Structures are given as C-alpha cells and as structure tokens.
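In: Give me a 3D structure for the following:
(chains A and B)
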Number of protein chains: 2
Amino acid sequence: MIRTTRWNEVLDSAVWLFSTSGFTGTSVQQVAERSRISKAEVYYHVNGKEDLLYHICHYSIATLLSDIQKALKGQEDSIARLRTIIRIHAGFFLKHPHNLAVLNQQMRNLSAVRRGQIERLERGYLNLIRETVGDGLRQNVLQRSNPTVAAFLILAMLNTLDRWYNPRGSVRPPELIKQVEQTMLHGLVTCKSKGKQ
Amino acid sequence: MIRTTRWNEVLDSAVWLFSTSGFTGTSVQQVAERSRISKAEVYYHVNGKEDLLYHICHYSIATLLSDIQKALKGQEDSIARLRTIIRIHAGFFLKHPHNLAVLNQQMRNLSAVRRGQIERLERGYLNLIRETVGDGLRQNVLQRSNPTVAAFLILAMLNTLDRWYNPRGSVRPPELIKQVEQTMLHGLVTCKSKGKQ
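Out: Predicted coordinates:
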C-alpha cells in the first residue's frame, strides 16, 4: 500500500484510538474525525475497522523485525546481537508506544486468517531470538538455559513496557533501555555476590 | 465470605470461563452449568457476574501476597528474598494458571471502585518488590538500578507466563521456575563473559 501522509494520519489516529478505547470501543467515524477527513475517505483507504487493525499490527511487527534484521547484519557476537535486539525493540516501543499496545492487546479482534498472518511474523521474530540464544549457548557465552524460555522472557520484558512505563516520568528513555538490557544480560545481582549464591 | 466447596466450584468455573471466553463472553448461566448448580444458586453466593470477577481478582492477588509475606518471614538476605518472591509467584501461576490470566486481562471489566481496591493490593505487592530491591542496593549485593523499573521487570516476566507457557510441554515446571529465577538474578550471560562486555 502506498504510504501517503494522509494514510499515515489515518493509521496514527486508529492506533491512538484502539490503544486507548480498545478495538470494539472505536468507530470508523471517530478515526475519520481524529484524522480530520470524511468517513468516506477512510473507506477509500480501507474496507473497514478490521482492515485498519490488520494494517497497524502488520506494520508494527514487520517494521520491528526488519529494523532488527538490518541492525544485526554483520554482527556475529551473540551477546552483542541480543543487546541489539533489546535496544531496537525498546527503541521501537519508545517511538511508537501505542503500536505495541495495539499489537499485544487488540490482535484477538482480527479474523482467524489475518491473525494467522501476524502470528507467522511474530513466530519469525521469536525464532530469531531463540536462534541467537542457541548460538550463544554453543559459543559458551550464555548460561545453560532453554532458548525458547529465554526468548519468551526477553519478549515478556519488552512487550509489557507499554503497561507501566511513562516516558515523562523520572526514568529517562536511555536509562530504561540500559536497565532492560543490563537485567536481561547480567541479572540484578552483582558479579561479586554471585559466588555466594 | 465462607469458602464452602460449592462456592469454590463456582469460583473455579468462573475462572476457567473468564480466562478462555473473556468476561464479556461469559454468562452467569454458563458458570452455573459448569458448576452443575442452578443459576439461582449462583445468585445466592454473588450479586452477579462482576461480583464473581471481583472475588476472583481479590482472591488471586490477596492469596499470592499473603503466601509471599509468610514465606519471607525471618528472611533477611535480599537476594534470597527476591528468589522467594519469584518462586512463590511462579508457583502460584503453575497451581492456578487461569487466575493470573483473569487478573491480568479481565480486571478492566470491574467497576472503578472495585478496580481501585484490587489496584491497591497490586501496589502493595509492587512496593514489597521495590523495597526488597532497594534493600539489596543498600547492601551492595545488587547491580545499580532503579528499584521501580526492576520491580516492573520482575512482574513482567512472572505475569506473562500464562500467555506462552504450557506445563505439558517439554520444559517441566521446576525447570521453568529455575530459569526465570536464574535469568532475573544472574542474567543470560555467563560470569566468565561478563568482563568482556
């Protein structure tokens, strides 16, 4: 789909409305009003509300995945690769906080076929993290762990940021990203104390 | 409220229905059918569907918090206390997998007053974790971090287990608890590799 300024405005309005009022609590009329265009113009771009939700979910996961794949190019070290994944994902959330909220909480409102398409992209992302952990285990730089569990724990931290983090609060975005990365890679405990536990 | 066997059956049925079909997708009639009692008998225990949801949310967070407080009694070491919190919370999820799903996903269906009551209990739990992290920082056994962010990251890992973990899959429950605890306290990276990063 051609991404015009007008189309981007429609998507942004829908993202904001779906994330604050939910998919069922939002009407195409409200999306049109927020984008300052007519309802007919919204229907020029999409077939309906579910179409909008699909484009938001698809854009969110496809962009995140492609940003990460680009950033990983030429990176061989597994720890550096995991750090890149965490940084890009947290950065994507900070840039588009409502997109991840819609993807995580509203995707169930898609038709089975379209939900399947988004889930395939999500599985691709999960596999990328799982394989990176698997490489790190083979290189003996990661603690013995199950790569699937590790991948889900990384995603748990990143995909719930929208539930609690306030970018206007006392913890600045770079500090947040650093702490998520530090916790996931090195844990809460200092190296000095590890021997005792 | 007196916790009779019959009342427990009603609650268990509602938990299962709310977690699989959602609050809006469940009727009191279905709760009655699953509990093998009449609808009138359900209304003998509660005023309606929202009342059931409130009791489930209250039971879940109050029991989890009281189990943790009991287990922490006499424990002074911050790392051991964090380990206890993670073990008891993950254990509660494994014992009552649908309760946490209802608490995390359906609580928005409560009235503002009742949601406020549950949120106060949740804040008490968040504060307990935050204070434990703060103690660990003062004792110099934890990495420099923001205790509020650390508390939310711990809760992120624990409160999303219901979204992906299958207790009948290849990772057994004790292995899962060990990996969550290991990742949160010590991170994914081996101590040997830490100096290089």
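
In: in stretch A:93-109, what counts as buried?
Out: A:93-94, A:96-107, A:109 (16 or more other Cβ atoms under 10 Å in any protein chain shown). Backbone N, C-alpha and C define where each C-beta goes, glycine included.

In: Average pLDDT for that stretch, rounded please.
Out: Stretch A:93-109 carries an average pLDDT of 90.

In: quick one: buried residues of stretch A:137-152?
Out: Across stretch A:137-152, burial judged by 16+ other Cβ under 10 Å covers A:137, A:141, A:142, A:143, A:145, A:146, A:147, A:148, A:149, A:150, A:151, A:152.

In: Please enumerate residues in contact with that stretch?
Out: A:77-79, A:126, A:129-131, A:133-134, A:136, B:160, B:164-165, B:171, B:175-176, B:179-180, B:182-183, B:186-190, B:192-193 (Cβ atoms under 8 Å, 6 or more residues apart in numbering or on different chains).

In: Quick check: ChimeraX command selecting the buried ones in the residues you listed.
Out: The buried residues among those can be selected in ChimeraX (16+ other Cβ under 10 Å) with this line:
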select /A:77,78,79,126,129,130,133,134,136 /B:160,165,176,179,180,182,183,186,187,188,189,190,193
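
In: Settle this for me: residue A:117 is touching residue A:58, isn't it.
Out: Yes: contact between residue A:117 and residue A:58 holds when scored by Cβ atoms under 8 Å: they sit 7.3 Å apart.

In: Tell me the spacing between the residue nearest to residue A:188 when sequence neighbours are not counted and residue B:177.
Out: Distances taken as Cβ to Cβ, 6 or more residues apart in numbering or on different chains put residue B:142 closest to residue A:188, at 5.1 Å, once the chain neighbours are dropped. To residue B:177, residue B:142 is 20 Å away according to Cβ to Cβ, to the nearest Å.

In: With residue A:177 instead?
Out: From residue A:177 over to residue B:177 the distance is 28 Å, taken as Cβ to Cβ.

In: quick one: low-confidence parts of chain A?
Out: Scanning chain A for pLDDT under 70 picks out the ranges A:1-3, A:192-197.

In: If we use 80, what do you get?
Out: A:1-5, A:190-197 (pLDDT under 80).

In: for chain A, what's the longest helix?
Out: For chain A, the helix with the greatest residue count under DSSP state H is helix A:112-138.

In: Next SSE downstream of it?
Out: The C-terminal neighbour of helix A:112-138 among helices and strands, as given by DSSP states H and E, is helix A:147-159.

In: the more surrounded of residue A:117 and residue A:58?
Out: Neighbours were counted for residue A:117 and for residue A:58 using other Cβ atoms under 10 Å in any protein chain shown; residue A:58 has more, 17 against 14.

In: Can you name every helix or strand that the host helix or strand of residue A:80 contacts?
Out: Element membership for residue A:80 (DSSP H and E) is helix A:78-95. Applying 3 or more Cβ pairs under 8 Å, 6 or more residues apart in numbering or on different chains; DSSP states H and E, one finds that helix A:78-95 contacts helix A:49-72, helix A:97-106, helix A:112-138, helix A:147-159, helix A:161-164, helix A:173-186.

In: With respect to residue A:31, which of those helices lies nearest?
Out: Residue A:31 lies closest, by Cβ to Cβ, to one member of these: helix A:49-72, at 6.7 Å.

In: Would you mark the buried spots in that closest one?
Out: In helix A:49-72, counting by 16+ other Cβ under 10 Å, buried: A:49, A:51-61, A:64-65, A:67-68, A:72.
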